[in-house]
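J.: requesting a structural model of the entry that follows:
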Amino acid sequence: MSSSQVPPPIRVASLYRFARFDDCPAIQRILKRLCEQGGIRGTLILAPEGINGTIAGSGEAVEAVVRQIRTLPGCADIKVKNSRTDEMPFHRMKVRIKDEIVTMGEPGVSPLLGVGEYVAPADWNALISDPATIVIDTRNAYEVEVGTFRHAIDPRTGSFRDFPAWFRAQRESLAVGKSPKVAMFCTGGIRCEKATALLRAEGVEEVYHLEGGILKYLEDIPPEESLWEGECFVFDQRVCLTHGLQAGSFEICHACRMPVAPADKAGPDYEEGVSCPACFGARSAEQRAGYAERHRQARLARERGHRHVGQRPGDG
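T.: Below is the predicted model:
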């Protein structure tokens, strides 16, 4: 096998499952120990409603963690989205316990009580091309700006907590209830699954969501058949992915953590490690000077083969 055929060494596994967990601290201890033993990095979130996260490491070590997760209540058939990368996309491992695995802030809404209908990537184009279908992107505004499906509605939310209020305020203008179908999507499937639970609780009957999210769609659907426009923002050092889950063209601003398009880098508000068009006007000259010094120290440490103690994930 030629070197060009050897897959990148780091396996990145993203997963989630809504399930009832009665003892999150016990699960946390087991998963944290297993991840540490295998040199795994990333984040796993546990809550009484289930598990969510992305981890990276060697194929064998990641598989050991996945096997353990499949022993948890309701997780035997959990689906895992896998990709490969040459560099570790995370700097540390965190196993956290929270109230929700994806925060909506609606205690009465639970996917365990009912969700919309899953739609496989192969069937998604036909659904969203139907003029009778309302298509809603459940992600945050800065994610949507990087890429979205053709003709999808952008709620312009700053966080997923904003989605319920947006839906209730816009329901009449969207004609939800008059249109027979609502289709929603997100990066990996978890936010749109919870959003469908919200709509079901609000009395909307015919609700659909993209199984496996945008990432599964980009993995399965060839570019020539795709209705996706742009790139897909991801919450790690890869920043954005395209079809085939290949690395995209965006970078991250290490001051505000927002995606930076190639064209943005040519503008006067962009300075590597210091500012971008999204944050330039929101930072003082003193703050930008501090970012510049941090960036300089990180660069010097990198040149010496070390990681600067103040360097955040993705810096450099």
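J.: which SS class is Gly42?
T.: strand (DSSP: H, G, I helix; E, B strand; the rest coil).
J.: please report how far it lies from Asp236.
T.: According to C-beta to C-beta, to the nearest Å, Gly42 and Asp236 sit 8 Å apart. C-beta coordinates here come from the backbone N, C-alpha and C atoms, glycine included.
J.: any common contacting residues for these two?
T.: Val12, Thr54, Ala56, Pro89, Phe90 (C-beta atoms under 8 Å, 6 or more residues apart in numbering).
J.: now secondary structure, pLDDT and neighbour count too, for the residues you listed, in TSV please.
T.: Formatted as TSV, the shared contacts of Gly42 and Asp236 follow (DSSP: H, G, I helix; E, B strand; the rest coil; pLDDT from 0 to 100; neighbours: other C-beta atoms under 10 Å):
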residue	secondary structure	pLDDT	neighbour count
Val12	strand	92	23
Thr54	strand	94	21
Ala56	strand	96	25
Pro89	coil	89	21
Phe90	coil	91	21
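J.: out of those, which is nearest to Ala152?
T.: Using C-beta to C-beta, Thr54 comes nearest to Ala152 of the shared contacts of Gly42 and Asp236, at 23.7 Å.
J.: correct me, but the closest one touches Asp236?
T.: Yes: between Thr54 and Asp236 there is a contact at 6.6 Å, judged by C-beta atoms under 8 Å.
J.: between the two, what contacts are shared?
T.: In contact with both Thr54 and Asp236: Val12, Gly42, Phe90, using C-beta under 8 Å, 6+ apart.
J.: residues contacting the last one?
T.: In this structure, Phe90 makes contact with Arg41, Gly42, Thr43, Thr54, Ile55, Ala56, Asp236, Gln237, Pro313, judged by C-beta under 8 Å, 6+ apart.
J.: ok, those residues vs Val62, which is closest?
T.: Using C-beta to C-beta, these come closest to Val62 at Ile55, 6.1 Å.
J.: show residues contacting the helix or strand in which the closest one is found.
T.: In the assignment (DSSP states H and E), Ile55 maps to strand 50-57. By C-beta under 8 Å, 6+ apart, the residues outside strand 50-57 that reach it are 10-21, 27, 35, 38-45, 62, 65, 69, 72, 74-75, 78, 85, 88-90, 93, 101-102, 190, 235-236.
J.: can you say which of the residues you listed are buried?
T.: 10-19, 21, 27, 35, 38, 40-45, 62, 65, 69, 72, 75, 78, 85, 88-90, 93, 101-102, 190, 235-236 (16 or more other C-beta atoms under 10 Å).
J.: what segments of the stretch 101-250 of the chain are helices?
T.: 121-129, 141-146, 163-174, 190-201, 213-220 (DSSP state H, counting those that start in this stretch).
J.: just say which of those helices is most tucked in.
T.: With neighbours taken as mean count of other C-beta atoms under 10 Å, these reach their highest mean count in helix 190-201, at a mean of 24.
J.: got the end-to-end distance for stretch 132-142?
T.: Start-to-end span of stretch 132-142 (C-alpha to C-alpha, to the nearest Å) is 27 Å.
J.: ok, back up a step: give the pairing partners of the strand holding Ile55; include direction for each.
T.: Partners of strand 50-57 in the sheet, by DSSP bridges, are strand 10-18 (antiparallel), strand 41-47 (antiparallel).
J.: what's the angle between the last one and helix 190-201?
T.: Just to be clear, that refers to strand 41-47. 20 degrees (axes from the mean of the first three to the mean of the last three C-alpha atoms, to 10 degrees).
J.: same thing with the first one?
T.: With the same axes, to 10 degrees as the basis, strand 10-18 and helix 190-201 are set at 10 degrees to each other.
J.: would you mind writing the CA trace of strand 10-18 as PDB?
T.: Output of strand 10-18 as PDB, limited to C-alpha atoms (Å, rounded to 0.1, in the frame of the first residue of the first chain):
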ATOM      1  CA  ILE A  10      -6.300   9.800  14.300                       C
ATOM      2  CA  ARG A  11      -9.800   8.500  14.500                       C
ATOM      3  CA  VAL A  12     -12.500  11.200  15.400                       C
ATOM      4  CA  ALA A  13     -15.700   9.700  16.700                       C
ATOM      5  CA  SER A  14     -18.900  11.800  17.300                       C
ATOM      6  CA  LEU A  15     -21.900  10.300  19.000                       C
ATOM      7  CA  TYR A  16     -25.000  11.000  21.000                       C
ATOM      8  CA  ARG A  17     -27.900   9.200  22.400                       C
ATOM      9  CA  PHE A  18     -31.000  10.300  24.400                       C
END
